[in-house]
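Participant: Give me coordinates for this.
(one chain, ligands or ions: 3)
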Amino acid sequence: MKKLTLDDIDVRGKRVLVRVDFNVPLSSGNGRPTVSDDTRIRAALPTIRHILDHGGRAILISHLGRPGGQPNPDLSLACVADHLGSILEERVRFSSNTVGDTVREVVDGMGDGSVILLENTRFESGEKANDPDFAAALAELADVYVNDAFGAAHRAHASTAGVAEHVDVCAMGRLMEEEIEALTKVRDEPDPPTVAILGGAKVSDKIGTVRRLMDSYQNILIGGAMSYTFLKALGHAVGDSRVEDDRLDTAEELYEQADGAIVLPSDHVVAAEFDANAESKVVEGGIDGGYMGLDIGPKTVETYRETILNADTIVWNGPMGVFEMEKFAEGTMEIAEAVAEATDNGAFSVVGGGDSVSALAKSGYTDRISHVSTGGGAMLAFLEGAPLPGIEALTDAE
Ligand SMILES: Nc1ncnc2c1ncn2[C@@H]1O[C@H](COP(=O)(O)OP(=O)(O)O)[C@@H](O)[C@H]1O
Ligand SMILES: O=C(OP(=O)(O)O)[C@H](O)COP(=O)(O)O
Ligand SMILES: [Mg+2]
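Facilitator: Ligands and ions are numbered 1, 2, ... in the order given. Below you'll find the predicted structure:
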C-alpha cells in the first residue's frame, strides 16, 4: 500500500512533527560528546529543508542509544542539535524535555521556517513500550507527522508507530522514500552470485534474518559478535567472547538448514580485555578462556574476500569487529575494501547500519558503494520482506 509523501501534504504554518533517526555514533573526549559520524543527520536534511523552505515548523524527535527509559546525560541529543545547526546553517533550538507543557508552549511559539530538536525519546519509558499516553503527548505537538527514520522503522515504538494513531495526516519523509526505492531492487531482483555479510553486536535482532536471507542469498558470511553465538552453538570454544546464550538453539538450527551457505570465521583477533590498548593476538580454531574474539583474523578475511569478489550482489550489515578500536578494525576495513573492489568490477552493493556506515566512512570507500543505507536492522527486516511498523502506521495514499 502506497503512503503519503511530502508531496501530498501542505506544511505551511503547520507544526510538523518529524521522527528522524539521529542515533549516531558519538565520541567523548574531554567534556561534551561530539558526533563522530553524521551520515544519518545529513540524510535527513532534504526533509528538514523541504519543511523549512515551505514555511513549516520542524519539530524533530529521535532516540539515541539504549538508555532504558531513564534520562542519561551521556545519551543527550544536545550535541546533535549543535551539529545539525552547523550543517543546516540555521539556528536549531534544543528542548531538554521531550513532552509536556513547557515543550508545548515552546513549540506553539515557534515561527514558520524554524526548527527544534527535542530530547531523546528513549529517556521516557513509554517510548519502547509504545505507551498510548506517551504517543498522545507526542501527538499534541503535531499538526502533521512525518516519519523519516528509516533506521528505526522496524521498531513499533511510540515515536515511530503509536503517535500516528493520534494524528490525522502522517507521511513518509524523503529519506524513507529513497531507501525503499533502492532496497526494493536488492530484495526483489538480486543478481546471482549473491552474498550477505552479517556482523555487529545486535545478534538477537539479526539472527532471525539469516533464515529468510537463506532463500535468496547463496552465501552468508558471518563476522562480529554474531560469530560467537554460532561457533558456541556448534561446540567450539569461544572463551569470553560476546555470546547470546538464549539464541544458541536458533543458531545451530539455522547453520544446519543452510547446508554450507553460512560461513563462519576460522581465525580471530583476540584480547584479554575489551580495551583499545589491550594486547592482541591472532588465534585459529577455538578461543581459550580469559580471551575474547574482537575481530576476524587474516585467514577469514582472505576467504571472505574471495567470495565477495565473485559476487554480483552484495549486502552488508554489521562490522566484522570492534572497529572503533584500531587494533580490532582491520577485518572490517579489509572487508570494506573487498566490497568496494567488487563494486568497481560491476557488482551491486548495499551497506547499511549506523555503525557499519561509520566504519565504511573510516575506510574511505563510501563513494565506491552502490547504495549506502542508513538502516541496519531496518534494512535487514526490509530485505526479508517483513512489514516495517514505522511505514505501516502512515496514512495510505489515495
Ligand atoms: N566481536 C565483537 N565483540 C563485541 N562487539 C563487537 C564485535 N564485533 C563488532 N562489535 C560491535 O558491534 C557494533 C555495531 O553493531 P550493530 O549496531 O549491530 O551494527 P550496525 O549499526 O551497523 O547495524 C560496533 O559498535 C562494534 O564495536
Ligand atoms: O542504529 C540503529 O540500528 P542499527 O544499529 O541496526 O543501524 C537504529 O537507530 C535502531 O536502534 P535500536 O536497534 O536501538 O532500536
Ligand atoms: Mg548500530
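
Participant: and the chain, which residues reach ligand 2?
Facilitator: Neighbours of ligand 2 within the chain, by CB under 6 Å from any ligand atom: 21, 23, 66, 151-152, 155, 202, 353-355, 376-377. Where C-beta positions appear, they are placed from N, C-alpha and C, glycine not excepted.

Participant: Go through those residues and give me the one with the most neighbours.
Facilitator: Most neighbours among the residues of the chain next to ligand 2, by other CB atoms under 10 Å: Gly151, with 30 neighbours.

Participant: For it, give me phi and psi.
Facilitator: Here is the backbone geometry of Gly151 (degrees, to the nearest 10): phi -60, psi -20.

Participant: And Val195, by the same measure?
Facilitator: According to degrees, to the nearest 10, Val195 has phi -140, psi 130.

Participant: and the residue of the chain found nearest ligand 2, what does it touch?
Facilitator: Closest contact between the chain and ligand 2, by CB to the nearest ligand atom, is at Gly376 (2.5 Å). Residues in contact with Gly376 (CB atoms under 8 Å, 6 or more residues apart in numbering) are 151, 200, 202, 206, 317-318, 352-356.

Participant: try Ile369
Facilitator: Here Ile369 is in contact with 339-340, 343, 349-351, 360 (CB under 8 Å, 6+ apart).

Participant: burial count for the residue of the stretch 151-300 of the chain found nearest ligand 1?
Facilitator: The nearest approach of the stretch 151-300 of the chain to ligand 1 comes at Gly200, 2.6 Å away (CB to the nearest ligand atom). Gly200 sits with 23 neighbouring residues when counted by other CB under 10 Å.

Participant: want to throw the contacts of Ile369 into CSV with pLDDT?
Facilitator: What follows is the contacts of Ile369, written out as CSV (pLDDT from 0 to 100):
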residue, pLDDT
Val339, 98
Ala340, 98
Thr343, 98
Ser349, 97
Val350, 97
Val351, 98
Leu360, 97
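
Participant: Return the subset of these lying in helices.
Facilitator: Mapping the contacts of Ile369 onto helices (DSSP state H) picks out 339-340, 343, 360.

Participant: Tell me how far the residue nearest to Leu309 when sequence neighbours are not counted lies from Ser216.
Facilitator: The shortest distance from Leu309 to any non-neighbouring residue, by CB to CB, 6 or more residues apart in numbering, is to Ala342 (5.3 Å). Distance, Ala342 to Ser216, using CB to CB, to the nearest Å: 18 Å.

Participant: And for the helix or strand harbouring Val283, what's in contact with it?
Facilitator: Assessed by DSSP states H and E, Val283 sits inside strand 280-284. Here strand 280-284 makes contact (CB under 8 Å, 6+ apart) with 266-271, 291, 294, 297-299, 327-328.

Participant: show me the contacts for the residue nearest to Ile335 when sequence neighbours are not counted.
Facilitator: Spatial nearest neighbour of Ile335, excluding adjacent residues (CB to CB, 6+ apart): Met320 at 5.4 Å. Applying CB under 8 Å, 6+ apart to Met320 gives the contacts 197, 199, 223-224, 295-296, 331-332, 335.

Participant: rewinding a little: overlap between the contacts of Gly376 and the residues near ligand 3?
Facilitator: Filtering those for neighbours of ligand 3 using CB under 5 Å from the ion leaves 354-355.

Participant: and of the contacts of Gly376, the nearest to Glu140?
Facilitator: The closest of these to Glu140 turns out to be Gly151 (CB to CB; 25.3 Å).

Participant: Hmm, that closest one is touching Arg40, no?
Facilitator: Yes. If you go by CB atoms under 8 Å, Gly151 and Arg40 touch, sitting 6.5 Å apart.

Participant: Which residues are in contact with each of the two?
Facilitator: With contacts defined as CB under 8 Å, 6+ apart, the residues shared by Gly151 and Arg40 are 21, 23, 354, 374.

Participant: could I get those residues as TSV with secondary structure and pLDDT?
Facilitator: Formatted as TSV, these follow (DSSP: H, G, I helix; E, B strand; the rest coil; pLDDT from 0 to 100):
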residue	secondary structure	pLDDT
Asp21	coil	98
Asn23	coil	98
Gly354	helix	94
Thr374	coil	98
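
Participant: Those also near ligand 1: which ones?
Facilitator: Filtered for proximity to ligand 1 (CB under 6 Å from any ligand atom), the shared contacts of Gly151 and Arg40 shrink to Gly354.

Participant: Need the max-distance pair from the shared contacts of Gly151 and Arg40.
Facilitator: Asn23 and Thr374 (9.6 Å).

Participant: Would you mind listing the two of the residues of the chain next to ligand 2 that lie farthest apart?
Facilitator: For the residues of the chain next to ligand 2, the maximum inter-member distance is 16.7 Å, found between Arg155 and Asp355 (CB to CB).

Participant: what ranges do the helices span in the stretch 201-350 of the chain?
Facilitator: For the stretch 201-350 of the chain, the helices defined by DSSP state H, counting those that start in this stretch cover 203-216, 226-233, 248-258, 298-310, 330-344.
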